[in-house]
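> Fold the following, please.
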Amino acid sequence: MHLVASERIKLFSIATPWVCGVFAVAALVFPAAITALTASESHLPPTVASTQFGYQLALVAVLVLAALAVTGEYHTGTIHGTFQAVPSRTPVLLAKAALVAGYAFLIGEAASFTAWLVARVLAPDADLALDSVADWRIVAGTGPVFALCAVCGVAVGLLLRHTAGAVALVVGYPLMAENLVQLIPRAGQAIHRWLPLNAVTKFLSGDGEANAGRDGGNAAVLSDSPLSPGWALAYFAAFALVLLAAGIVQVKRRDA
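Purely as a prediction, here's the structure:
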């Protein structure tokens, strides 16, 4: 526990976690408010899924936070003292990943439920009650997804170590890379079905039950993953753990 406490002090002694946390909440809340207020003009009634319209931008903020939690230490040189105190390195890296994942979980739950609540207040006549498993999954599931994404962000930071490269990757991948894969002739669509963020979208959105069956509109485009929501989350969790393991192995093989 003392390793987690040490990592907590290092993480929250800088502005990055606070800025990224506030941005993640705002990225979910503001689109939810706008969607609720403009529903009559767009002729698309608000749904539980539409309250989570800003999920992707919030996800990027969490990935950036996680990557900077690692690369910031390499940039300032504090990682040297950390590894001198814990020569085996693995325990401290696991503690860092656990701490960042826990913080990301809290951000995800706070942001998603706040966005849902704001939309419900602004559109009281809309059917926004959480009265099905799909409704609860798309809102409450944001926390676990953000936690696993934070593990991926930490892993990217460990693998690359440089802030610019890590940030470019964690911003560019969720916003562009998986969509661009679909443009690959013949194999693109088949590959896209098994990409990690596409799988986790299947966990959150399922077959669109929380979005009145719509695909897109004022909510996320549905996933084409062949997995069920539960297996999609397990698949993404396995991906995150394998990526973290690769990052830890890489750190142990080279100098800090």
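
> And the helices in the stretch 51-200 of the chain?
55-76, 78-85, 90-122, 133-140, 142-160, 163-172, 178-181, 188-192, 196-205 (DSSP state H, counting those that start in this stretch).

> Most tightly packed of the ones you listed?
Using mean count of other CB atoms under 10 Å, the stretch among those with the largest mean neighbour count is helix 142-160, at a mean of 26. Every residue, glycine included, has its C-beta placed from N, CA and C.

> And that one, how far out from the chain middle?
Helix 142-160 has its average C-alpha position 7 Å from the chain's average C-alpha position, going by CA atoms, centre = their mean, to the nearest Å.

> go on, stretch 47-62?
10 Å.

> CA atoms of that stretch as CSV?
The C-alpha trace of stretch 47-62 is given here as CSV (Å, rounded to 0.1, in the frame of the first residue of the first chain):
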residue,chain,number,x,y,z
THR,A,47,-32.1,8.5,-25.2
VAL,A,48,-29.9,7.1,-22.5
ALA,A,49,-27.3,6.5,-25.1
SER,A,50,-27.4,10.1,-26.4
THR,A,51,-26.5,11.3,-22.9
GLN,A,52,-23.1,9.7,-23.4
PHE,A,53,-22.5,11.3,-26.8
GLY,A,54,-19.2,12.9,-25.6
TYR,A,55,-17.7,9.6,-24.5
GLN,A,56,-14.9,9.5,-27.1
LEU,A,57,-13.4,12.9,-26.2
ALA,A,58,-13.6,12.0,-22.5
LEU,A,59,-11.8,8.7,-23.3
VAL,A,60,-9.0,10.6,-25.0
ALA,A,61,-8.6,12.8,-21.9
VAL,A,62,-8.2,9.6,-19.7
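
> average model confidence for it?
Here stretch 47-62 scores 91 as its mean pLDDT.

> between the helices of the stretch 51-200 of the chain, which gets nearest to Ala240?
helix 142-160 (4.3 Å; CB to CB).

> for the stretch 101-250 of the chain, what are the low-confidence residue spans?
Applying pLDDT under 70 to the stretch 101-250 of the chain flags the ranges 210-221.

> And Asp255, what's its pLDDT?
Value for Asp255, per-residue pLDDT: 67.

> if we can go back for a sec, Val48 is nearest to which of the helices of the stretch 51-200 of the chain?
Of the helices of the stretch 51-200 of the chain, nearest to Val48 by CB to CB is helix 133-140, at 4.5 Å.

> so how far is that closest one from its chain's centroid?
With CA atoms, centre = their mean as the basis, helix 133-140 stands 16 Å off its chain's centre.

> And the pLDDT at the residue of the chain most remote from its centre?
No residue in the chain sits farther from the centre than Gln84, which is 31.4 Å out by CA atoms, centre = their mean. Looking at Gln84, its pLDDT stands at 81.

> ok, back up a step: got a markdown table for the helices of the stretch 51-200 of the chain, with distance to Ala36 too?
Below are the helices of the stretch 51-200 of the chain laid out as a markdown table (distance: least, CB to CB, whole Å):
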| stretch | distance to Ala36 |
| --- | --- |
| helix 55-76 | 16 |
| helix 78-85 | 44 |
| helix 90-122 | 4 |
| helix 133-140 | 15 |
| helix 142-160 | 18 |
| helix 163-172 | 28 |
| helix 178-181 | 27 |
| helix 188-192 | 31 |
| helix 196-205 | 19 |
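
> and Ala24, which of those is closest to it?
helix 55-76 (4.1 Å).

> Next, the angle helix 163-172 makes with that closest one.
Going by axes from the mean of the first three to the mean of the last three CA atoms, to 10 degrees, helix 55-76 is angled at 170 degrees with respect to helix 163-172.

> Which strands or helices does helix 55-76 pack on?
Counting contacts by 3 or more CB pairs under 8 Å, 6 or more residues apart in numbering; DSSP states H and E, helix 55-76 packs against helix 16-37, helix 90-122, helix 142-160, helix 163-172.
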